[in-house]
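Student: Compute the structure for the input listed below.
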Amino acid sequence: MSQPIEVAWFSALCDDDYEFLGVPDPALRSSWEHCRNIVQTADGHGFDNVLLPSGYELGIDSVSFAAGIATCTEQINLLLAVRMGEMWLPQLARQLATIDHMAGGRLTINIISSDIPGEKLESAPRYQRTLESMLVLRQLLNGESIDFHGDFVNLTLDPPRIRTVSGSCPPFYFGGFSEAAKETAAAAADVFLTWPDTVDSVAGTIADMMERADRHGRSLRYGLRSHVIVRETEDEARAAADKLISRLDAEEGEKIRQKSLDTASVGVARQSALREASTDDGYAEANLWTGVGRARSGAGAAIVGDPDQVAAKLAAYQRVGVEAFILSGYPHIDECDLFARHVLPQLNHTKLH
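Tutor: Numbers count the residues shown, from 1 in each chain. As a prediction, this is how the structure comes out:
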């Protein structure tokens, strides 16, 4: 039997939930109630983890939400996204350790290096700030004293009394495709996240990151952030994909993409190139559909097919080194139910019932 994988879902804290992509639905707008229901649905189905994304203009606050949802869940880990530079590190460490206690030790951390609201930094200094922040945050969450003097972080202090349940730093999940991003991940992350791409391209990314991490004397785990559309037959899945974008206005899709703070990133450019190189019906390769990227910055493709095809596609990514999958679909609760019914029972994942 293959090694267990981590299977995570996504809670749409950033106003990213639709029945028809690009057509806002007040019932699916980010709110405590709606996003709580997504997480509790994934928790009830036995998913291993759930991504709680961070935005500014869009949606609701990830840290506050994580604190609330920690007490409303039973077994699912919480992958909390935090933007480096946005919060004072000693306070952030206390918040994270406190939330981990509220969740009974179920916190994981998604490190975000995007610009913070109201500023623009070039890539190199922004990732330097991110690297320094990751190093110091890890020390604080490990209960270590700080004597760090960098370009952005200048701290000499003892760690807070509050520690995580395990007493050590939760794993850092991190994604980015520029040179600076990859070197930051190699030096300081635990799980490197890539966006949906062809299996061969994902294999190349993982091989590159393995070499980089090795040069730092480290090793990484690898994850894939992707959308998914699964139905009982391939025809039904393809029809669901077509329906999802059937009311999408091209101008509105562009507006949605531009609201993200990472629209100029190397990763977003790669998602655009993948979409442009796809067939007329939007498929970059078998069962990999790029239509989602027409109205979404970031992860812009979906695994589309019947249950066996979707499971086989995940297995193909696993064979090239992916150990964690962070999945989503529209609407998020409905697709979570479908994936849990049709695919999750086929997977050897870390929190099997």
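Student: So residue 326 belongs to a strand, correct?
Tutor: Yes. Assessed by DSSP: H, G, I helix; E, B strand; the rest coil, residue 326 belongs to a strand.
Student: Tell me which residues touch it, please.
Tutor: Going by CB atoms under 8 Å, 6 or more residues apart in numbering, residue 326 touches 8-10, 49, 51, 79, 193, 223-226. To be clear about C-beta, it is placed using only N, CA and C from the backbone, and glycine gets the same treatment.
Student: Give me the neighbour count for residue 230.
Tutor: Here the number of neighbours of residue 230 (other CB atoms under 10 Å) works out to 27.
Student: how about it, phi and psi?
Tutor: When read as degrees, to the nearest 10, the backbone of residue 230 gives phi -120, psi 130.
Student: returning to that earlier point: would you list the contacts of residue 326 in TSV and tack on neighbour count and distance to residue 282?
Tutor: As requested, the contacts of residue 326 are arranged in TSV below (neighbours: other CB atoms under 10 Å; distance: CB to CB, whole Å):
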residue	neighbour count	distance to residue 282
8	24	25
9	30	23
10	29	21
49	26	28
51	26	24
79	31	28
193	24	23
223	24	24
224	27	19
225	21	19
226	27	15
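Student: what's the closest of those to residue 144?
Tutor: residue 79 (23.6 Å; CB to CB).
Student: For the closest one, give its distance to residue 316.
Tutor: Distance, residue 79 to residue 316, using CB to CB, to the nearest Å: 23 Å.
Student: low pLDDT regions in the stretch 151-300 of the chain?
Tutor: Residue ranges of the stretch 151-300 of the chain with pLDDT under 70: 250-280, 295-298.
Student: May I have the beta-bridge partners of residue 222?
Tutor: Note on residue 222: beta-bridge partners residue 192, judged by DSSP bridges.
Student: Contact partners for it?
Tutor: Neighbours of residue 222 in contact, by CB under 8 Å, 6+ apart: 191-194, 206, 209, 321-324.
Student: again, only this time at 10 Å
Tutor: 191-194, 202, 205-206, 209-210, 317-318, 320-324 (CB atoms under 10 Å, 6 or more residues apart in numbering).
Student: among those, who's most crowded?
Tutor: That'd be residue 192 among these, by other CB under 10 Å, with 27 neighbours.
Student: So it sits against residue 202, correct?
Tutor: No. Residue 192 sits out of contact with residue 202 when judged by CB atoms under 10 Å, with a separation of 11.1 Å.
Student: Common neighbours of the two, please.
Tutor: Contacts common to residue 192 and residue 202, judged by CB under 10 Å, 6+ apart, are 222, 321.
Student: list the helices and strands the helix or strand containing residue 135 packs on?
Tutor: Residue 135 belongs to helix 123-141 when assigned by DSSP states H and E. Contacting helix 123-141 under the criterion 3 or more CB pairs under 10 Å, 6 or more residues apart in numbering; DSSP states H and E are the following elements: strand 77-83, helix 89-102, strand 107-112, strand 146-149, strand 154-157, strand 172-175, helix 179-188.
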